[in-house]
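**Q** structural data only, the sequence is not supplied:
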């Protein structure tokens, strides 16, 4: 017997749905992201408690044990994960969601007599399996457990087409017959499709594919809500699917690419993975003292953070350097590219963690016209998002990607660990221009040296 009557159940589900919507609203800005995350967590808690109080659940000890085990694993992982590994964590969470939806659908098949319900089941099975397997491959690529370059082999398009046709055929039979063996085959075909979908994607495009798979998981969860007759699952899944789709399109636009080009570009020879060879051309290197002089006597400085800053955990030193320059009357801003790092908002969260004022974080459209007025552009661990090849080299893998117009600053200083290319695997010709100088070393250490030299001026 349930402890809640249907009216209270519906009311609490409505409250949870409103919380999810408010959470998405909060996550749209770094200033309100923390609050949005807490609101979303509260909505999830309300939803879970409502299910327990309104449903006739069996095997409650097993359910509670599963929750305890999941919490014991997830809480320490979430606390210890580094900012640079957040995309991998998102991929894992996303994959688990898709896999869970697929398993629930498979278990519900034996209770489904209506063909329309079975249609929702086969959709959940296929899309959830694709999301689970594809997310696993994205995790392996980002964690460098496998090559980040596109993996293609002769006949791959034909194999993908065959898998999809077999999946459609199996799905059609399951809808009309409810065959459990064919449903299991559909699950396997979905796993194969997910792997084949992500293998040809180059490393720099993997975060976009994570967002796309997140949308897939949302759709699978929404369909599982139809299977289970749970309106809240339909609402939550639809929100995830819609937001994931919007984010995917926004990220693709920021890269100057189409989603189809990202997924299937390797088939026609294009990808975001170029050569990893290091050029023999000479560059102009600087010392920390030289960079400090450039910064200390400038009037306008724009700092461009990138993945290298996140790896070195140098955000607090960068924030301290900005404060030291501002104390000398120098105007300092941070230029944020939409896909700097490996996920949208990566740099915003990183710098907010170091208490950099939100007003100092300028998005690409706002900051680009101001590079002409900058005495120094200090690029810390970024490469592809400032590479002029995106505008000038039609054959470049990143051609057409909107970039930060760092080349227009009077002086450009790169803080780099080495001359290795960025994640897209291509050279940056800006490194060899006469107005550019390089300070080699770990980003955090280099920033600390420059900071010390600025204070000594």
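**A** That came through fine. Keep in mind that what you see is a predicted model, and the values were worked out from it rather than measured.

**Q** could you use CA atoms for every contact and neighbour count after this?
**A** Noted.

**Q** can you confirm residue 419 is in a strand?
**A** No: looking at residue 419 with DSSP: H, G, I helix; E, B strand; the rest coil, it is coil, so not inside a strand.

**Q** I'd like the distance between it and residue 439.
**A** 11 Å (Cα to Cα, to the nearest Å).

**Q** neighbour-wise, which of the two wins?
**A** Using other Cα atoms under 10 Å, the more surrounded residue of residue 419 and residue 439 is residue 439, with 23 against 16.

**Q** check which helix or strand residue 14 maps to.
**A** In this assignment (DSSP states H and E), residue 14 forms part of helix 6-26.

**Q** which secondary structure elements does whichever helix or strand comes after that helix contact?
**A** Following helix 6-26 in sequence order, the next helix or strand is helix 33-54 (DSSP H and E). Secondary-structure packing of helix 33-54 (3 or more Cα pairs under 8 Å, 6 or more residues apart in numbering; DSSP states H and E): helix 6-26.

**Q** what residues does the helix it packs on touch?
**A** When contacts are defined by Cα atoms under 8 Å, 6 or more residues apart in numbering, helix 6-26 is touched by residues 32-40, 42-44, 46-47, 50, 54, 231-232, 235-236, 239.

**Q** only whichever of those are buried, select them in ChimeraX.
**A** To isolate the buried ones among those in ChimeraX, judged by 16 or more other Cα atoms under 10 Å, type:
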select :33,35,36,37,39,40,42,43,44,46,47,50,54,231,232,235,236,239
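
**Q** which ones are touching residue 308?
**A** Contacts of residue 308 (Cα under 8 Å, 6+ apart): 380, 381, 382, 416, 443.

**Q** one more pass at 10 Å, please.
**A** 84, 314, 341, 379-383, 415-417, 422, 442-444 (Cα atoms under 10 Å, 6 or more residues apart in numbering).

**Q** next one: residue 190
**A** 102, 125-134, 163-164, 166-167, 184, 196.

**Q** ditto for residue 233
**A** Neighbour list for residue 233: 13, 17, 47, 218, 220-227, 239 [criterion: Cα under 10 Å, 6+ apart].

**Q** next, format those as CSV and append pLDDT.
**A** Below are those laid out as CSV (pLDDT from 0 to 100):
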residue, pLDDT
13, 92
17, 93
47, 92
218, 94
220, 94
221, 93
222, 94
223, 94
224, 92
225, 92
226, 91
227, 90
239, 92
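
**Q** restricted to strands, list the residues you listed.
**A** Among those, no member falls in strands (DSSP state E).

**Q** where do the helices of the stretch 101-250 of the chain begin and end?
**A** For the stretch 101-250 of the chain, the helices defined by DSSP state H, counting those that start in this stretch occupy 115-142, 156-177, 180-198, 206-228, 231-254.

**Q** for those helices, give me a markdown table that also has distance to residue 3.
**A** Converted to a markdown table, these look like this (distance: least, Cα to Cα, whole Å):
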| stretch | distance to residue 3 |
| --- | --- |
| helix 115-142 | 28 |
| helix 156-177 | 36 |
| helix 180-198 | 35 |
| helix 206-228 | 20 |
| helix 231-254 | 19 |
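
**Q** buried members of the contacts of residue 233 into ChimeraX, please.
**A** Per 16+ other Cα under 10 Å, the buried members of the contacts of residue 233 correspond to this ChimeraX selection:
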select :13,17,47,218,220,221,222,223,224,225,226,227,239
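
**Q** assign residue 332 to helix, strand or coil.
**A** strand.

**Q** between the contacts of residue 233, which is nearest residue 282?
**A** Comparing the contacts of residue 233 against residue 282 with Cα to Cα places residue 218 closest, at 49.7 Å.

**Q** against residue 396, how distant is the closest one?
**A** For residue 218, the distance to residue 396 equals 34 Å [Cα to Cα].

**Q** how distant is the helix holding residue 14 from the center of its chain?
**A** 26 Å (Cα atoms, centre = their mean, to the nearest Å).

**Q** repeat for stretch 390-403
**A** Centre to centre, stretch against its chain (Cα atoms, centre = their mean), the figure for stretch 390-403 is 22 Å.

**Q** and it, what's buried?
**A** So stretch 390-403, judged by 16+ other Cα under 10 Å, has buried residues 390, 396, 397, 398, 399, 400, 401, 402, 403.

**Q** test my guess that residue 441 contacts residue 416.
**A** Yes: if you go by Cα atoms under 10 Å, residue 441 and residue 416 touch, sitting 6.0 Å apart.

**Q** the more surrounded of these two?
**A** residue 416 (21 against 13).

**Q** OK, contacts around that one?
**A** Applying Cα under 10 Å, 6+ apart to residue 416 gives the contacts 308-309, 379-383, 438-443, 446.

**Q** if we use 7 Å, what do you get?
**A** 380, 381, 438, 439, 440, 441, 443 (Cα atoms under 7 Å, 6 or more residues apart in numbering).

**Q** please name the bridge partners of it.
**A** Residue 416 has these beta-bridge partners by DSSP bridges: residue 440.

**Q** roughly how far does it sit from residue 312?
**A** 11 Å.

**Q** quick one: common contacting residues for those two?
**A** In contact with both residue 416 and residue 312: residue 443, using Cα under 7 Å, 6+ apart.

**Q** what about residue 202, neighbour count?
**A** Other residues close to residue 202 by other Cα under 10 Å number 26.

**Q** now residue 146
**A** 13.

**Q** cool, and the one 5 residues further on?
**A** Close neighbours of residue 151, defined as other Cα under 10 Å, add up to 16.

**Q** same question for residue 63.
**A** So residue 63, with other Cα under 10 Å, has 12 neighbours.

**Q** and for the one 4 residues further on?
**A** The burial count assigned to residue 67 is 12, neighbours taken as other Cα under 10 Å.

**Q** residues contacting the nearest residue to residue 332 once chain neighbours are set aside?
**A** Of all residues not flanking residue 332 in the chain, residue 301 sits nearest, at 4.9 Å (Cα to Cα, 6 or more residues apart in numbering). Residues near residue 301 by Cα under 7 Å, 6+ apart: 331, 332, 333, 374, 375, 376, 377.

**Q** equivalent analysis for residue 356, please.
**A** Going by Cα under 7 Å, 6+ apart, the list of residues near residue 356 reads residue 319.

**Q** ranges for the helices of the stretch 351-457 of the chain?
**A** Using DSSP H, counting those that start in this stretch, helices in the stretch 351-457 of the chain cover 364-367, 389-392, 443-456.

**Q** deepest of these, which one?
**A** Sort these by mean neighbour count, taking mean count of other Cα atoms under 10 Å, and helix 443-456 sits at the top with a mean of 20.
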